[in-house]
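Participant: sharing a model prediction with you, sequence too.
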Amino acid sequence: MYSSTRTRFFLALFLAVFGSDANAQAQQTKPQYPDYLSETPQKFEAPTFGMDHEMRDVMIPMRDGVKLHTIILVPKGAKRAGILMTRTPYEAKHLAANQHSVHLGTRLWGYDNATETVVEGGYIRVIQDIRGKYLSEGDYVMNRPPAHGPINPTPVDESTDTYDTIDWLVKNVPESNGRVGVLGISYDGFLAAMPLINPHPALKVAVPMNPMVDGWRGDDWFHNGAFRQQNIPYIYEQTATRSNDELWQSSHFDDYDMYMRAVSAGELGKERGMLQIGFWNKLTEHPAYDSFWSDQAVDKILARQQLGVPTMIVAGLWDQEDIYGALALYKALQANPANRANLFYVLGPWFHGQQIEEASALGAIKWGSDTGLYFRRQILAPFLAHYLKDDAPASQLTPVTAFETGTNRWQQLTSWPSGCSSGCELKATPLYLHADHQLNYQAPVKGETADDEYVSDPSRPVPFRARPIQPVGYTADLSWTRWLVDDQREFSGRTDVLTYSTDTLDAPVKISGEPIANLVAATTGSDVDWVVKLIDVYPDEVAGQPNLGGYQLAVAMDIFRGRYRENLAVAKAVTPNAPLTYRFALPETNHVFLPGHKIMVQVQSAWFPLYDRNPQSFVPNIFFAKPSDYQSATERIYHAPGKASFVELPLVSMH
């Protein structure tokens, strides 16, 4: 012990006396290298040779001092040009250069640019990161609600940010004529609608396309109370980081297996770190249609004021993401006669945003022409030119332009829904469910079997499309964009799906508007989901396109969560074994069932994993349902006098 202590003492003394010299000597013997300068410049100036446009990258100040990153693309030689602006949470730098090219048209082709319209119109293109995303300053809030409201106590929102941006643009872009239009798809469509709340005087036109309008009633987050849980990865990537660089990690090839393993959407969110995300916590805290949702519904907000800016609302008949919002916004604005001179509606045969792409077909269904190109050149271009160009060319556009599927033709209409330009009548007509899987216009009579039933088992929920089920996405290897036109034969053979069909049609049947599902139904459980599908069944063989033989094309379909039958804002247990009426609208249609086809209705109680499973036993919040809560139930659909189930068709008849 003494010896060891003594050794350590002398070693410390030696280092204290000689250590500094030893270190200095070691430094002198360390190899020295010459400077080897970086080959990357401190700041690289991008070449402009051959470019047919100029790009300006600026930070525009908002009224609260926050600066928003904005890219301005000015065509070479532009003078007194209108400005077309899109505000986005999806990275302005990327949207301004979908392709890397010296040519503006090539550069813009892709989301969210109606390229022919921008380039051929000679417009100045402006794309901006909204606050809190990518290179913009500030905090991000999903679909930021209006300022000074019960949900947003701050003085800023997407309306004020648009106002401030337009004010800066008309003062600082000398090539402009001071006229600005806003347009965008989906989230960008929501952002194109918000400046209508308090429009800047220079805002001359707005084009919300497939806009997010009401996240609970039927857009991205819920449909009539059923949670769209396949959007969890989107919420994760969109809100976890400013630049969307935290990516969802896959765990199963088939999404069906991933969501089944987690049991509930809330449990999956917990496993995947979603509790860190503010918007996720808001979702799970507000499963019903309470004031959190209704106070920020864009249609309700804009219905409270007069529309002062010419506005074209664009919708897709098979919009797999925001099929509710465009029509809801149109109906809310159309209800005020003072708005109608400024209101236009376009309804095309498109998936979500397909109007800016090649659109001659959707899945297996062909339209006979490129409907997207027609929209961009024949509808959108003249509409924008009328309001944004100095010479203001006359516009021949009718208030409504709608594509009629089945006959595959465009219609110019005075209002929606109207069925035709003149000489027809629109009448709500029940198409009744009957025994033996029959479907016709006669109400049930005494003596026929009173009901049909099936067992809905949460351990094997009906998938919303054929398995394996891919995730939501737009890459070339995914088919998410076309699931609404999937052949429904996959499900009509299941024992937990009821199928009803008309006889073969000997005359065309035209519908225009929203079909209404009217089910008289009972369940042995204390909660239930109802999925209703209105389907066009093709003939057994189709000349020239054999893959359509017997095809079951869904024309309109949607889901309703039973706990909200009495009040969308308050969940209430369903009385077991009681015949109750469930009535809800299906998405809008403009379709002709042709001779030789049949009309079909399917009814089921799950649409998984796009929508979360209903436990079928009442729990206060389905996000947090436990494995033991999920119970099989027998579902009964009635078709008897006084208990008639039907789909109310918006039937068009000619005078």
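Facilitator: The structure has been received and is ready for your questions.
Participant: in which helix or strand does the residue nearest to Arg409 when sequence neighbours are not counted reside?
Facilitator: Spatially, and ignoring its direct neighbours in sequence, Arg409 is nearest to Phe403 (7.4 Å; Cβ to Cβ, 6 or more residues apart in numbering). Placement of C-beta: from N, CA and C, glycine included. Here Phe403, judged by DSSP states H and E, is contained in strand 400-404.
Participant: paired strands for that strand, with orientation please.
Facilitator: Partners of strand 400-404 in the sheet, by DSSP bridges, are strand 343-348 (parallel), strand 409-413 (antiparallel).
Participant: with mean pLDDT and mean neighbour count added, can I get these in CSV?
Facilitator: Output for these, formatted as CSV (pLDDT from 0 to 100; neighbours: other Cβ atoms under 10 Å):
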stretch, mean pLDDT, mean neighbour count
strand 343-348, 98, 24
strand 409-413, 97, 16
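Participant: Met212: which of those strands is closest?
Facilitator: Met212 lies closest to strand 343-348 among the strands paired with strand 400-404, at 17.4 Å (Cβ to Cβ).
Participant: other residues contacting the following helix or strand past the closest one?
Facilitator: Helices and strands here follow DSSP H and E; after strand 343-348, the next one along the chain is strand 361-362. Strand 361-362 is contacted from outside by 318, 349-351, 354, 367, 482, 485, using Cβ atoms under 8 Å, 6 or more residues apart in numbering.
Participant: taking the residues you listed together, which two end up most distant?
Facilitator: The distance between the two most remote of these (Cβ to Cβ) is 13.5 Å, for Trp367 and Arg482.
Participant: what's the burial count for the residue nearest to Arg409?
Facilitator: When neighbours are counted by other Cβ atoms under 10 Å, Phe403 registers 24.
Participant: with Ser251 instead?
Facilitator: 13.
Participant: please report how far it lies from Ala625.
Facilitator: Distance of Ser251 to Ala625, given as Cβ to Cβ, to the nearest Å: 21 Å.
Participant: repeat for Leu73
Facilitator: Going from Leu73 to Ala625 by Cβ to Cβ gives 50 Å.
Participant: cool, and Asp214?
Facilitator: Separation of Asp214 from Ala625 (Cβ to Cβ): 25 Å.
Participant: is Tyr123 in contact with Thr86, as I believe?
Facilitator: No: Tyr123 is beyond contact range of Thr86, at 11.4 Å (criterion: Cβ atoms under 8 Å).
Participant: all strands for the stretch 501-650 of the chain, in order.
Facilitator: In the stretch 501-650 of the chain, the segments counted as strands under DSSP state E, counting those that start in this stretch are 509-513, 516-523, 529-537, 552-561, 580-585, 589-593, 598-604, 633-638, 646-654.
Participant: out of these, flag the one nearest Gly138.
Facilitator: Relative to Gly138, the nearest member of the strands of the stretch 501-650 of the chain by Cβ to Cβ is strand 552-561, separated by 35.6 Å.
Participant: need the helices for the stretch 201-350 of the chain, in chain order.
Facilitator: Using DSSP state H, counting those that start in this stretch, the helices found in the stretch 201-350 of the chain span residues 232-239, 255-262, 265-271, 278-285, 291-294, 298-302, 325-334.
Participant: got the buried residues for the longest one?
Facilitator: So the one you mean is helix 325-334. For helix 325-334, burial by neighbour count (16 or more other Cβ atoms under 10 Å) applies to 325-330, 332-334.
Participant: equivalent analysis for the first one, please.
Facilitator: Buried residues in helix 232-239, counted by 16+ other Cβ under 10 Å: 232-236, 238-239.
Participant: one more: stretch 100-108?
Facilitator: 104-108.
Participant: the helix or strand of the chain with the lowest mean pLDDT: what's the following helix or strand?
Facilitator: Scoring the helices and strands of the chain by mean pLDDT, DSSP states H and E places helix 2-29 at the bottom, with a mean of 52. Counting by DSSP H and E, the element after helix 2-29 in chain order, helix or strand, is strand 53-61.
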